[in-house]
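> Sequence first, then the predicted structure, then my questions.
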Amino acid sequence: MSRKLKASLAGLLALCALAPTTPALAAVSFPDIENEVMCDTCNVPLNIAEAPRADQLRREINKLIARGQSKDQIKATLSERYGPAILALPPASGFSLTAYLVPVAVAIGLLLLGVVLLRRWRRSGRGGQHDETPLDEDDASRIDAELERFGR
């Protein structure tokens, strides 16, 4: 190899090493995105949909991947064409944010309710342990008589 060729290759390698790599430029594969897109006919994720419409969407997504679009760009394109219902997860903004916040709020509320009820249960009756009241002499003698009658 000549010196010029070696220097050119070294320079090219240095440029490649210094080039910024961004997630948007990363290659997207079909399995990366098919579970995040819904079939708009049968309303199931595309990775398990079997309708002919699902096959059309798969071909469309593969074309977008071939054009070099990123995962976010593909999801945005599909959302523009078919509406936000095409995405398996709603966007985390606006009214759709409630789909993420409501389950968390319910779980926290149930946890707090459990703590409050547990404290009340412990305070009242000491968790099922009741104070024993002594028996009257009449009651004690009646119980003893019954026990003797049954042979105990």
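Nice, I can see it.

> quick one: low-confidence parts of the protein?
1-26, 91, 125-131, 152 (pLDDT under 70).

> Please, where are all the helices along it?
3-18, 30-34, 52-66, 71-82, 98-123, 137-149 (DSSP state H).

> Make a markdown table from these and add distance to residue 40 and mean neighbour count to it.
For every residue, glycine as well, the C-beta is placed using N, CA and C. Putting those into a markdown table (distance: least, CB to CB, whole Å; neighbours: other CB atoms under 10 Å) gives the following:
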| stretch | distance to residue 40 | mean neighbour count |
| --- | --- | --- |
| helix 3-18 | 41 | 9 |
| helix 30-34 | 14 | 15 |
| helix 52-66 | 7 | 15 |
| helix 71-82 | 6 | 16 |
| helix 98-123 | 19 | 10 |
| helix 137-149 | 76 | 10 |
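
> Of those helices, which is nearest residue 89?
Closest of the helices of the chain to residue 89 is helix 98-123, at 8.2 Å (criterion: CB to CB).

> Domains in the chain, by residue range?
As given by automatic domain parsing, the domain ranges for the chain are 26-89, 93-124.

> For residue 145, find the nearest of those domains.
Closest of the domains of the chain to residue 145 is domain 93-124, at 35.7 Å (criterion: CB to CB).

> what separates residue 103 from residue 36, distance-wise?
Distance of residue 103 to residue 36, computed by CB to CB, to the nearest Å: 19 Å.

> Revised request: answer the last question for residue 137.
Following CB to CB, the distance that separates residue 137 from residue 36 is 79 Å.

> what does residue 88 give?
As for residue 88, its distance to residue 36 is 5 Å (criterion: CB to CB).

> Spit out the residues that contact these two alike.
Overlap of the contact sets of residue 88 and residue 36 (by CB atoms under 8 Å, 6 or more residues apart in numbering) consists of residue 45.

> Of all residues in this protein, which one is nearest the centre?
residue 100 (9.1 Å; CA atoms, centre = their mean).

> So what's the residue count around residue 43?
9 (other CB atoms under 10 Å).

> Check residue 40 too.
Per other CB under 10 Å, the neighbour tally for residue 40 reads 19.

> ok so, going back, is the residue nearest to the centre of the chain in contact with residue 92, as I believe?
Yes: with contact defined as CB atoms under 8 Å, residue 100 reaches residue 92; the gap is 6.1 Å.
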